[in-house]
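Peer 1: what shape does this take:
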Amino acid sequence: MSAGHCMGCSPMQGSSPPHPPSPAPIGAPSPAGRGQKIPFPSGRGARTQAIAPSIFPSIAPSISCVVPVYNEAGVVARVVADILAALVALSDRVELIAVDDGSRDGTYAELLALCAQHPQLVCLRLSRNFGKERALTAGIDAARGEVVVLMDGDGQHPTALLPVMFQQWRDGADVVYAVRQHRNDQSPLHARLTAWFYRLINLGSRVRIPPDAGDYRWMDRKVVDALKQLPERNRFMKGLYAWVGFQSVAIPYDPLPRSAGHSNFGLVSAFSLALTGMLAFSVTPLRVLTLAGLVLSCLALGYGAWVVAEYFLYGIAVPGFATIVVAIMFFSGVQLLATGILSEYVARIYEEVKRRPNYLIGERVGEGLDIKLPPPPVDLL
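Peer 2: Residues are numbered from 1 along each chain as shown. The predicted structure is shown next:
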């Protein structure tokens, strides 16, 4: 039954049946969206039957977009405007949650000015710099939409992908994530180390983390609720996305060039994040140590057997001073390396058992989805 028919009504006696209404022009607002509220269909099968939100905005899902920012005063105004313009084209119930991760420039002042202009904007200011992973966690915890979108605050994630992600979600995907087609914006060393990292972390792991997949993704509410149940303090979000699973779809994209400023995520930050991810989602370092210990033990036994055989069979005494010194230095280095790796695991266990919060919010400004919209007009006919 179309939205223009009167549900449950019958024609008056003695009168001819009413003529069916003429179809509304493409892009015209739905009559059903004016006098009554139509809930958005739930379930995977219902998404494929959902009507485009530009025609029936009342049945589009509520969307929360989380954007962590750090020292992005030069681009944050344009990024907020572009994202909001893309979101309101998909739904009339949107919020953009900008999480200021302790910026030292004028980023938060820019966000406060933007909050006064855009009621859909929510500004969260963390009490200090906690890092991008925890800033994302703060935004995810604050998001209340039926779907949650994660984007970077540097403007390199193209908003043109949002309608594509929306369509994939309507077709049944629980997670739609964007995958880089190139890393031309990074140095060759950075790109090569990143490729090696993904190969190593996925080596022998039951949870495969997609290479070149960043934080740009569209997630169903049930995926967000699953992420909120993961309490660990050493957070590697790309690994957490993969760990919760759900039906996922990848779409390729080319990152946009930065319009201003420079990246705050350099090689040192990438190495620190890679170490966190490796220790949080892989036991490969421990297995490598075990294998190295086994190989070195076999070599030591073989060398000892050769020395004994040389002495008893041929009467040759192998001079051992230099050999002993080299062996001691070598095994000392291996032991220190093993101790260091074990210490990294123990240090992360220590961080977990303290159970400190992942972040502290210093200030929150804006209403987002709490904004009180004016009531729809009522047809007095």
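Peer 1: quick one, strands of the protein?
Peer 2: Assigned by DSSP state E, the strands in the chain fall at 63-69, 94-100, 121-126, 147-150, 175-180, 213-220, 248-253, 361-365.
Peer 1: can you list these in a markdown table and add distance to residue 201?
Peer 2: In this view, the C-beta of every residue, glycine as well, is placed from N, C-alpha and C. Listed next are those as a markdown table, based on distance: least, Cβ to Cβ, whole Å:
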| stretch | distance to residue 201 |
| --- | --- |
| strand 63-69 | 22 |
| strand 94-100 | 26 |
| strand 121-126 | 28 |
| strand 147-150 | 20 |
| strand 175-180 | 16 |
| strand 213-220 | 13 |
| strand 248-253 | 18 |
| strand 361-365 | 31 |
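Peer 1: relative to residue 297, which of the ones you listed is closest?
Peer 2: Closest to residue 297 of those is strand 213-220 (Cβ to Cβ; 39.8 Å).
Peer 1: which residues sit against the closest one?
Peer 2: Strand 213-220 is contacted from outside by 136, 146-152, 157, 161-162, 165-166, 168-169, 174-180, 227, 237-238, 241, 246, 250, 253, using Cβ atoms under 8 Å, 6 or more residues apart in numbering.
Peer 1: could you measure from residue 311 over to residue 298?
Peer 2: Using Cβ to Cβ, to the nearest Å, residue 311 is found at 21 Å from residue 298.
Peer 1: weed out the non-buried ones from the contacts of strand 213-220.
Peer 2: By neighbour count, with 16 or more other Cβ atoms under 10 Å, the contacts of strand 213-220 hold 136, 146-152, 157, 161-162, 165-166, 168-169, 174-178, 180, 227, 237-238, 241, 250, 253 as buried.
Peer 1: ok, residue 323 - contacts?
Peer 2: If you count contacts by Cβ under 8 Å, 6+ apart, residue 323 has none.
Peer 1: flag the shaky bits of this structure, pLDDT-wise.
Peer 2: In the predicted model of the chain, residues 1-59, 184-187, 204, 259-274, 276-277, 281-282, 316-322, 325-326, 370-381 satisfy pLDDT under 70.
Peer 1: domain map for it?
Peer 2: 62-262+359-370, 284-354 (automatic domain parsing).
Peer 1: count the residues that sit near residue 138.
Peer 2: A count of nearby residues for residue 138, using other Cβ atoms under 10 Å, gives 24.
Peer 1: which residue packs closest to it, ignoring adjacent ones?
Peer 2: Spatial nearest neighbour of residue 138, chain neighbours left out: residue 359 (4.7 Å); criterion: Cβ to Cβ, 6 or more residues apart in numbering.
Peer 1: who's in contact with that neighbour?
Peer 2: Taking Cβ under 8 Å, 6+ apart, we find residue 359 in contact with 126, 127, 130, 134, 135, 137, 138.
Peer 1: ditto for residue 85
Peer 2: Counting by Cβ under 8 Å, 6+ apart, residue 85 makes contact with residue 159.
Peer 1: I figured residue 178 hits residue 156, correct?
Peer 2: No: using Cβ atoms under 8 Å, residue 178 is not in contact with residue 156; the gap is 10.8 Å.
Peer 1: how close does the residue most central in space within the chain get to residue 324?
Peer 2: Centroid check for the chain by Cα atoms, centre = their mean gives residue 215 as the closest residue, at 3.4 Å. Going from residue 215 to residue 324 by Cβ to Cβ gives 52 Å.
Peer 1: one more: residue 81?
Peer 2: Remark: distance between residue 81 and residue 324 (Cβ to Cβ) = 70 Å.
Peer 1: repeat for residue 161
Peer 2: On the measure of Cβ to Cβ, residue 161 and residue 324 end up 62 Å apart.
Peer 1: repeat for residue 144
Peer 2: With distances taken as Cβ to Cβ, residue 144 is found 67 Å from residue 324.
Peer 1: okay, the two: which has more neighbours?
Peer 2: Using other Cβ under 10 Å as the criterion, residue 144 and residue 324 rank with residue 144 on top: 16 against 10.
Peer 1: test my guess that the more buried one contacts residue 93.
Peer 2: No: under the criterion of Cβ under 8 Å, residue 144 makes no contact with residue 93, lying 10.1 Å away.
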